[in-house]
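Student: build me a model from this:
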Amino acid sequence: MEKDVKVDIGVKDDARKKLVETLNMRLSDEYVLYTKTRNYHWNVIGPRFSQLHKFFEEQYEILDEMVDEIAERTRQLGGKSLGTLEEFARHSSISEQPGQYPDPQTMISNLLKDHETIIKTLRKNADEADEQYDDMATNDFFLEAVQKHEKMAWMLRAHLEGKDVL
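Tutor: Now for the predicted structure:
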């Protein structure tokens with residue numbers, strides 16, 4: 001039988017529980033975005049196949065690390081991390097398009113939109129972690145995630161800018 005050990009890190013129990021819920025929603029978003037990016041990596045076609053195949057791989061590898069970091073932060077706060085595809089789909093604000101294989105420009109636009117959605121949500125979560133739950137560490141954690149997503153969004157945006165659009 002598993003014994004729960006009290007988590008005494010200076011964050012109130014009710015705040016930790018709320019933060020765990022929030023982290024699990026972000027974990028779900030990240031996992032769905034990871035899967036979507038990997039799907040595009042597998043299914044991209046066209047004259048820039050090689051470049052985009054490698055680009056999507058670089059992005060999903062970053063997302064894979066972020067998934068692990070969020071799950072571990074959830075555990076650090078004494079919570080359990082979601083871990084099934086059904087849970088991720090149920091708790092994610094990112095939508096998938098099963099059975100659809102968009103052109104490369106649409107793939108990039110879809111991913112950019114998803115990153116921007118996550119960025120806005122993470123900013124709100126960071127404010128809540130600091131102001132409502134008095135958890136500077138989780139606030140910092142969310143802000144680092146914002147920076148990673150902003151960089152990935154910038155790279156996606158760069159593929160859509162200029163005359164040489166896909």
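Student: excluding chain neighbours, what is closest to residue 40?
Tutor: In this structure, residue 40 finds its nearest non-sequential neighbour in residue 107, 4.4 Å apart by Cβ to Cβ, 6 or more residues apart in numbering. In this view, the C-beta of every residue, glycine as well, is placed from N, C-alpha and C.
Student: what do you get for residue 36?
Tutor: Sequence neighbours aside, residue 96 is the residue nearest to residue 36 in space, at 6.0 Å (criterion: Cβ to Cβ, 6+ apart).
Student: for the residue nearest to residue 40, give me the pLDDT.
Tutor: pLDDT for residue 107: 96.
Student: so how far is residue 132 from it?
Tutor: Residue 107 sits 37 Å away from residue 132, going by Cβ to Cβ, to the nearest Å.
Student: between the two, tell me which one has more neighbours.
Tutor: Neighbour tally, residue 107 and residue 132, criterion other Cβ atoms under 10 Å: the higher count belongs to residue 107, 23 against 11.
Student: contact partners for that one?
Tutor: With contact taken as Cβ atoms under 8 Å, 6 or more residues apart in numbering, residue 107 is in contact with 40, 44, 52, 56.
Student: circling back to that earlier point, count the residues that sit near the residue nearest to residue 36.
Tutor: Using other Cβ under 10 Å, residue 96 has 15 other residues around it.
Student: name the SS class of it, please.
Tutor: When classified by DSSP: H, G, I helix; E, B strand; the rest coil, residue 96 comes out as coil.
Student: look up phi and psi at it.
Tutor: Reported as degrees, to the nearest 10, the phi and psi values for residue 96 are phi -110, psi 170.
Student: so how far is residue 65 from it?
Tutor: From residue 96 across to residue 65, the span is 21 Å (Cβ to Cβ).
Student: repeat that for residue 20.
Tutor: Using Cβ to Cβ, we find residue 20 at a distance of 20 Å from residue 65.
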